[in-house]
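Enquirer: What follows is a predicted structure for the sequence shown.
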Amino acid sequence: MTRALVVAEHDGARLDAATAKCVRCALELRPEALVVAVLANGGAEIAAQAARLEGVTQVVHVDAPHNAAPLAAILAPQIVSLAQGFTHLLGPSSTFGKDLLPRVAALAGVGQVSDVLAILGPHRFRRPVHAGNAIVTVDADPQRLVVATVRLASYRGVSDGPPAPVEKRSLDGAPPNHTRFVARRASAGERPDLMTARRVVSGGRALGSAEGFQLVAELADVLGAALGASRAAVDSGYVANDLQVGQTGKIIAPELYVAVGISGAIQHLTGIKDARTIVAINKDAEAPIFEVADVGLVADLFKAVPELIAALKAKGVR
Amino acid sequence: MVGIKRVVDYNVRVRVKSDGSGMATEGLKMSINPFDEIAIEAALRLKESGAFTQVVLVTIGPVEAEQQLRTGLAMGADRAIRVDAKAELEPLTVARALHALARKEQPGLVVLGKQAVDDDHGQTGQMLAALWDRPQATFASQLTVAANVATVTREIDAGLETIEVDLPAVVTTDLRLNQPRYVKLPEILKAKSKPLAVIPLAELGVDAARQFTVHSFAPPPARAAGVRVKDVAELVAALESRGVLS
């Protein structure tokens, strides 16, 4: 009998879209029970949102002051205790889940399947390795708890359905005090979220400076798109780290991805290959980005992008 | 203590063997996992600032991995340990081995890369912290140590997060933590005489049983060939015909 527990991601006020994707993944296990764990300080509204996700059979809500910040050292022991009686524990392959789930797995004495992109059976999974240069199929031990992170770009979130019951749970034991939250600095910006945006426009080193990058930002705004960047652009300081797309940054699957001045190192391509349409603008006709682009334009970006912006504005695209 | 892994150099494109049994890595250039090189640099800078007195490198693998340990010693680490293991180990086993070494070495800090660019698991540091019952600070882009507390800025999806952890702790590195130094020839020569101990995995007394079976490797699905357009007008038309502008 398969019983799946999904760890909810949230920002203290709202459920993150990653959770609905993890629920979709968990449904592929055809579980008898699909429970979402919401650990928060307060969080009644988050629990209610989780309860409305289609396919969820129950929400377990742990409301405690020490759950105010998502610190793995504090959350992990609680999740181990909640996971008793479950066969599968899933969480998002976001920085939240990547930080937390391996700690949970080790406390439970089990390994972890990272970045699950397909479930072939209750104990058979597919995951990418070598920056997506290969997909491995792994079999987990059916006698043990399966802990896995879900590659979010591979799953659509489930819709809302009739609400499942929410059970409030209090857990014994004092949390460790060796880890303390200090501050969080969200990148300023009113653009759509990179992880969930329908359209993404990314820039690379060829933009040349933070000022040059404004051209990409302007194109993003005309398209109502989120802004992304290659590692080279982030390392060069043109934009903040949380815009990095690729193997070690964000893995995304927008409907439209526009790569401007990005050569297309394999580490970048692995972050975008699930995009429905990839557009590349680059002056180097041999750039590897053109191998994956659906539409490629070999051109000087400083000439082509302003033209594109003007053309899109003239069309009234939104 | 810094854990490092020998991997195929990240600039080399690795392909799946034709029989799907694994990756064709024979004869490819091997390097220190890039995140682990950043971990070495972080530890060296902390030693140079006086926060620690010694940097010990650890790897788990075959004798060839000693090349990467020597590179790390040439960067400035004081000594190295190779835990001898032939087979590919799962991250939990690696974490157990590192935990056994941490009990022996009693480091004030363990620094690891956030993930190895071959298996892309991203688990070892967090697992070590759990087994050791110590704090973890993953994806570090800034790291300072004072009065037995590490203050770490972490690269997270929403931006940056700063946390404080009591030492000893485990820190995993992200790309922006530092720019690893270049190794100069005299250091490479000097590194040859630095101590390098070899410990058989079995001697650490850890449970190395595999929990997963790798069934097969396959190349990723290829994308259908795209079109080249000659100017912006054609580009806009191509986007419209694909319906991505509505």
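Expert: Sure, I can see it. Residues are numbered from 1 along each chain as shown, chains lettered A, B, ... in the order given.
Enquirer: Can you tell me the SS state at the closest residue to residue A:28 other than its chain neighbours?
Expert: Nearest non-adjacent residue to residue A:28, counting by C-beta to C-beta, 6 or more residues apart in numbering or on different chains: residue A:119, 4.2 Å away. Glycine gets a C-beta too; all of them are placed from N, C-alpha and C. The local conformation at residue A:119, judged by DSSP: H, G, I helix; E, B strand; the rest coil, is strand.
Enquirer: residue contacts, residue A:119?
Expert: For residue A:119, the contact set (C-beta atoms under 8 Å, 6 or more residues apart in numbering or on different chains) comprises A:25, A:28, A:29, A:125, A:126.
Enquirer: mind checking pLDDT for it?
Expert: If you check residue A:119, the pLDDT there is 98.
Enquirer: helices and strands around the longest strand belonging to chain B, which ones?
Expert: If you go by DSSP state E, chain B has its longest strand at strand B:136-146. Strand B:136-146 sits against helix A:72-82, helix A:95-107, helix B:34-48, helix B:124-132, strand B:149-156, strand B:159-166, strand B:169-173, with contacts defined as 3 or more C-beta pairs under 8 Å, 6 or more residues apart in numbering or on different chains; DSSP states H and E.
Enquirer: could you check the angle helix B:34-48 makes with the next helix or strand after the longest one?
Expert: Scanning the chain past helix B:34-48 towards its C-terminal end, the next helix or strand to appear is strand B:56-61 (assignment: DSSP states H and E). For strand B:56-61 and helix B:34-48, the angle between their directions (axes from the mean of the first three to the mean of the last three C-alpha atoms, to 10 degrees) works out to 160 degrees.
Enquirer: Measure how strand B:56-61 sits relative to helix B:124-132, angle-wise.
Expert: 100 degrees.
Enquirer: Now do strand B:56-61, average pLDDT.
Expert: pLDDT averaged over strand B:56-61 gives 98.
Enquirer: Okay, now the sheet partners of that strand, with direction.
Expert: Its sheet considered, strand B:56-61 pairs with strand B:2-4 (parallel), strand B:79-84 (parallel) by DSSP bridges.
Enquirer: got the ones you listed as JSON lines, with mean neighbour count columns?
Expert: Formatted as JSON lines, the strands paired with strand B:56-61 follow (neighbours: other C-beta atoms under 10 Å in any protein chain shown):
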{"stretch": "strand B:2-4", "mean neighbour count": "28"}
{"stretch": "strand B:79-84", "mean neighbour count": "20"}
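Enquirer: Residue A:129 contacts residue A:136, doesn't it?
Expert: Yes: using C-beta atoms under 8 Å, residue A:129 makes contact with residue A:136 at a distance of 5.5 Å.
Enquirer: Between the two, which contacts overlap?
Expert: When contacts are counted by C-beta under 8 Å, 6+ apart, residue A:129 and residue A:136 have residue B:217 as shared neighbours.
Enquirer: re the thing from before, show me the beta-bridge partners of the residue nearest to residue A:28.
Expert: For residue A:119, the beta-bridge partners under DSSP bridges are residue A:125.
Enquirer: and if you look at residue A:61?
Expert: When bridges are called by DSSP bridges, residue A:61 pairs up with residue A:38, residue A:168.
Enquirer: how about low-confidence regions in the chain?
Expert: No chain was given, so I picked chain A. Low-confidence segments of chain A (pLDDT under 70): A:188, A:318.
Enquirer: let's see 90
Expert: Along chain A, the model assigns pLDDT under 90 to residues A:1, A:172-174, A:185-191, A:193, A:195-196, A:247-248, A:315-318.
Enquirer: Which positions in the stretch 201-318 of chain A make contact with chain B?
Expert: Applying C-beta under 8 Å from any C-beta of the partner chain, we find that the stretch 201-318 of chain A lies next to chain B at A:231, A:234-235, A:240-242, A:247-248, A:250, A:255-256, A:266-267, A:273, A:276-279, A:281, A:290, A:292-299, A:304, A:307-308, A:311-312, A:315, A:317.
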